[in-house]
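**Student:** Quick one: sequence and predicted model below, then my questions.
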There are 2 protein chains.
Amino acid sequence: MVEPEILLKNFNLSQTQVRTEIIKILMESALALSMTEIRQRFQSPCDRVTLYRNLKTFTQRGLIHQIFIDNQDSKYVLPENVVEPDKNYTEHLHFKCIRCNLVKCLHEMQVGAISLPEGYKMLETNFVVFGLCNECNN
Amino acid sequence: MVEPEILLKNFNLSQTQVRTEIIKILMESALALSMTEIRQRFQSPCDRVTLYRNLKTFTQRGLIHQIFIDNQDSKYVLPENVVEPDKNYTEHLHFKCIRCNLVKCLHEMQVGAISLPEGYKMLETNFVVFGLCNECNN
DNA sequence: GTTATTTTTGCAACAAGGTTGCAAATTTAT
DNA sequence: ATAAATTTGCAACCTTGTTGCAAAAATAAC
């Protein structure tokens, strides 16, 4: 995988401690993480607001992707193999285990072509499946 | 459509002013509504907390369905043709217009069979498509 | 490599969504 | 009609996310 510094450069974002750390943390995680979860993984803790601002910027630029799980919970992930803008995200399902609270992308499970009513235009999706993961489903 | 009072009875819920009004409001709306939008439609306004509590109870009983649009926005709808418990909800897409903010169920657009990885169990879904509705797509 | 400009950071403060505890009011059961 | 159970409204609180502003850090310019 690409170095955090290169990623920031490719996305035209300035290099800061906080930013490289966010990316490192997301790279090392197999799961989608919330702001709080990312913050807890910081070596020297940074401010909530700073984190929110960076996550927002990253999301807007397409460097990371935000998943809306429910009202009080949203998670962030680095798209698979992100390197540079505009060639990353493909729509897919997200899974949340209601027992262990794990959230992850199901890249294998492609979302079929979605047809909308006449005149509607699709821009983005947020597809979440709630259930039990293999660990919790016993 | 069924009377609000009958619905409450069928779902084993006590009859109160607030409860019948919530149901009336949802019945009269073609769109999914937020707590605030429901509250604004009340004749004699009721407390936020009361509304939240009832919406939660209704959701748990399966009388209404809650759609998670994004972090700060969740909407409520009466499933099509609800009459009594356990024979109402079918998974479907929800659409949010990012311009006029309308949210509605796309019942016509059935969600195909969703296959999860080995050992996973699906319990519920929350599928939202963001885009432009026919009114705003010009 | 210093200096000036721009961007980011952290802090205080705020708004909105949602929850909890508790006493008063309303419903339901007796 | 009365007692028991549920619901309501209020105050208070927590969490998520945002905004304004001065200090600090990063980038650009010299």
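**Tutor:** Arrived safely, thanks for sending.
**Student:** Checking the closest residue to residue A:66 other than its chain neighbours next. Helix, strand or coil?
**Tutor:** Of all residues not flanking residue A:66 in the chain, residue A:59 sits nearest, at 4.9 Å (C-beta to C-beta, 6 or more residues apart in numbering or on different chains). Where you see a C-beta, it was placed from the backbone N, CA and C, and this is true even at glycine. Under DSSP: H, G, I helix; E, B strand; the rest coil, residue A:59 falls in the helix class.
**Student:** show me what contacts residue A:59?
**Tutor:** By C-beta atoms under 8 Å, 6 or more residues apart in numbering or on different chains, residue A:59 lies in contact with A:65-66, A:76.
**Student:** So which of these is the closest to DNA strand D?
**Tutor:** residue A:66 (7.8 Å; C-beta to the nearest atom of the strand).
**Student:** Got phi/psi on that closest one?
**Tutor:** Residue A:66 adopts backbone torsions of phi -100, psi 130, taken as degrees, to the nearest 10.
**Student:** Wait, it touches residue A:76, no?
**Tutor:** Yes - between residue A:66 and residue A:76 there is a contact under C-beta atoms under 8 Å: 5.6 Å.
**Student:** if we can go back for a sec, mind checking how far the residue nearest to residue A:66 is from residue A:82?
**Tutor:** According to C-beta to C-beta, to the nearest Å, residue A:59 and residue A:82 sit 12 Å apart.
**Student:** Please list all residues in contact with residue A:65.
**Tutor:** For residue A:65, the contacting residues are A:59, A:76-79, A:89, by C-beta under 8 Å, 6+ apart.
**Student:** all helices for chain A, in order.
**Tutor:** A:4-10, A:17-28, A:35-40, A:48-61 (DSSP state H).
**Student:** Packed most tightly, which of the ones you listed would that be?
**Tutor:** Comparing those by mean neighbour count (mean count of other C-beta atoms under 10 Å in any protein chain shown), helix A:17-28 comes out on top with a mean of 18.
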